[in-house]
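>>> Mind looking at a prediction? Sequence and model below.
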Amino acid sequence: MIELLNINNSNLGGVYILRFAPRFFFSSLNPSNLLFKEGFDWISIRLTSESGQVDHESALDNGDSFYNVSITASLPKERPEIDTVLDQYAGLPCVVNLHDQNNRERLAGHHAGELVLMHSSTSGKLTADDNGYQISFKGKQQYKADFITI
């Protein structure tokens with residue numbers, strides 16, 4: 001018998017640190033031995049509070065199962081240095097590392113399939129409106145984002 005237990009302690013939602021790197025930054029995409037090429041490292045983003053999440057939706061295509069993975073986040077305040085980084089890597093397949101509020105880390109984009117970086121920004125219309133970026137990494141993956149040991 002398989003029993004899935006109800007955990008009654010903290011169950012906080014949200015990703016608060018997102019790190020990403022285009023796949024060409026790596027010499028090895030093995031999650032137990034992820035290696036960057038010399039001179040490359042993660043691009044780290046501290047997210048707007050309660051704005052980051054990862055979604056996995058299982059799907060079938062011609063009998064093959066996969067996951068539609070979507071990682072979304074908000075970054076406040078439009079700035080030229082952020083535009084430069086996002087524009088440089090937009091549309092590229094990336095590896096994404098997520099640190100959530102439950103002190104768990106996940107890794108996505110290293111398995112078969114690709115997660116592509118896309119972004120948008122807005123200045124807002126009213127003073128109380130959000131000014132900043134919406135960042136997403138989306139694609140089909142053979143597996144869900146892996147939990148990794150931190």
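Structure's in. What do you need? Residues are numbered from 1 along each chain as shown.
>>> what helix or strand is Val116 on?
Assigned by DSSP states H and E, Val116 belongs to strand 115-122.
>>> what angle do the longest strand along the chain and strand 115-122 make?
Among the segments of the chain that qualify as a strand by DSSP state E, the longest is strand 64-76. Here strand 64-76 points in a direction 30 degrees away from that of strand 115-122 (axes from the mean of the first three to the mean of the last three C-alpha atoms, to 10 degrees).
>>> hang on, the earlier thing: if you count contacts, what does the strand holding Val116 end up packed against?
helix 80-89, strand 93-100, strand 132-141 (3 or more C-beta pairs under 8 Å, 6 or more residues apart in numbering; DSSP states H and E). For every residue, glycine as well, the C-beta is placed using N, CA and C.
>>> Swap in 7 Å and give it another go.
On a contact count with 3 or more C-beta pairs under 7 Å, 6 or more residues apart in numbering; DSSP states H and E, strand 115-122 meets strand 93-100, strand 132-141.
>>> Including mean pLDDT, distance to Leu75 and mean neighbour count, could the ones you listed go into JSON lines?
Putting the helices and strands packed on strand 115-122 into JSON lines (pLDDT from 0 to 100; distance: least, C-beta to C-beta, whole Å; neighbours: other C-beta atoms under 10 Å) gives the following:
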{"stretch": "strand 93-100", "mean pLDDT": "92", "distance to Leu75": "14", "mean neighbour count": "21"}
{"stretch": "strand 132-141", "mean pLDDT": "93", "distance to Leu75": "4", "mean neighbour count": "19"}
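>>> Can you give me the buried ones in stretch 50-68?
Ser51, Gly52, Val54, Phe66, Tyr67 (16 or more other C-beta atoms under 10 Å).
>>> Now do the end-to-end distance for that stretch.
Chord length of stretch 50-68, first to last residue, is 22 Å (C-alpha to C-alpha, to the nearest Å).
>>> How many residues are close by Glu105?
By the criterion of other C-beta atoms under 10 Å, Glu105 has 17 neighbours.
>>> Contact partners for it?
Counting by C-beta atoms under 7 Å, 6 or more residues apart in numbering, Glu105 touches Asn97, Leu98, His99, Ile148, Ile150.
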